[in-house]
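In: Pasting a predicted model and its sequence here:
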Amino acid sequence: MNSKSNSEKEDYSPDVNMARYLKKIKTYPILSQEEEYLLAVKYKKEKKQDAAHKLINSHLRLVVKVVAKYRGYGISMSELISEGNLGLMYALEKFEPEQGFRFSTYALWWIKASIQKYILNSWSLVKIGTTTAQKKLFFNLRKIKNKLNLNDDKYMSDDVLNNIAKSLDVSVKDVTDMNYRLKSHDGSLNIKIDSSSDNTSEWIDFIVDKKPNQEDALAYGEIMKYRKKLFDRALSILNQREKDILFKRKMRDKAITLEDLSQAYGISKERVRQIEVNSIKKIKNAVAPVS
């Protein structure tokens, strides 16, 4: 038998074999605008998976083309392709064929956005690129430095810094800071402190874990349950009016005024205040330890 079971089928994903993946996606036909439109309409209206597969497969080469522009960030090509493919699939869900645009034109933005987001999230544990200008700086600084033949260790003059800042519409300080961060990628906490000695200690060994241990967490949980039990028992000694006034005065984000409560219960404001104070005293006495 020549047919293969599902478990025996070859995996053409970029994570398994990049060369085989690139060869495979070249076999998918490039669609004409009319074919693309008909498939997109079919998927939009009928959710036909075969139409989605044909549209996605015919644009996998576009993802690879985009990914080629984002090399040099210490992330494997297979990871970036996988993220770009996710962006491609998300674009299909949002695509409106009746607008008259080619799917590739629309999908390009989603592919880039997905790849850039993944790079930013992977690059540093500290959040970077929070504004549009900073993201532009992050993804263009390396490109500009390459054009000027400036490697990471090469000094950038004030004129160069000013020109880069002006071209990307950011401050010189932003350029300097981003350049430093591009040069000093996050290090691993599992790196040995002294690789030249027999000491196997890693940086992570010296980070104090401030979280409570299991015994402390269990004890804290028991204490909180006990306190809740005491509080519930204390509340049971209050009548309905006392509970209502206490909750509305002390247990709301915005306390109800004495004036409003006095009108609601037909009593004076001073009487409302007395009920509030007495209710608190009752609860304190109920939860106080017996001497």
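Out: Yep, that arrived.
In: C-alpha from now on. contacts and neighbour counts both.
Out: Noted.
In: Could you find the closest non-adjacent residue to residue 245?
Out: Nearest-residue entry for residue 245: residue 276, 6.4 Å, with adjacent residues in sequence omitted and distances by Cα to Cα, 6 or more residues apart in numbering.
In: how near is the one you found to residue 248?
Out: Residue 276 sits 10 Å away from residue 248, going by Cα to Cα, to the nearest Å.
In: So if I had to pick from these two, which one is more boxed in?
Out: Using other Cα atoms under 10 Å, the more surrounded residue of residue 276 and residue 248 is residue 276, with 22 against 18.
In: Would you mind checking the average pLDDT for whichever strand or helix holds that one?
Out: Element membership for residue 276 (DSSP states H and E) is helix 269-287. Averaging pLDDT along helix 269-287 gives 86.
In: what comes into contact with that helix?
Out: Under the contact criterion Cα atoms under 8 Å, 6 or more residues apart in numbering, helix 269-287 has outside partners 230-231, 233-235, 237-238, 242-243, 245-246, 249, 258-259, 261-262.
In: By neighbour count, which of these wins?
Out: Busiest of the contacts of helix 269-287 [other Cα under 10 Å] is residue 246, holding 24 neighbours.
In: which regions of the stretch 151-291 of the chain lie under the pLDDT threshold?
Out: The model of the stretch 151-291 of the chain has pLDDT under 70 over residues 151-155, 182-218, 287-291.
In: could you redo the last one with a cut-off of 90?
Out: The stretch 151-291 of the chain contains residues with pLDDT under 90 at 151-238, 243-244, 246-256, 265, 278-291.
In: What are the boundaries of the helices in the stretch 51-200 of the chain?
Out: 60-67, 77-94, 103-123, 132-147, 158-168, 172-183 (DSSP state H, counting those that start in this stretch).
In: Packed most tightly, which of the ones you listed would that be?
Out: Mean neighbours per residue, mean count of other Cα atoms under 10 Å, is largest over those for helix 77-94, with a mean of 20.
In: and that helix with helix 60-67, angle?
Out: Relative orientation of helix 77-94 and helix 60-67, computed by axes from the mean of the first three to the mean of the last three Cα atoms, to 10 degrees: 120 degrees.
In: May I ask which two of the contacts of helix 269-287 are separated the most?
Out: Largest separation among the contacts of helix 269-287 by Cα to Cα: 230 and 259, giving 31.3 Å.
In: re earlier: in the helix holding residue 276, what's buried?
Out: Of the residues in helix 269-287, those buried by neighbour count under the rule 16 or more other Cα atoms under 10 Å are 269, 272-273, 275-276, 279-280, 283, 286.
In: Adding distance to residue 52, write the helices of the stretch 51-200 of the chain out as a markdown table.
Out: Output for those, formatted as a markdown table (distance: least, Cα to Cα, whole Å):
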| stretch | distance to residue 52 |
| --- | --- |
| helix 60-67 | 12 |
| helix 77-94 | 8 |
| helix 103-123 | 12 |
| helix 132-147 | 31 |
| helix 158-168 | 38 |
| helix 172-183 | 38 |
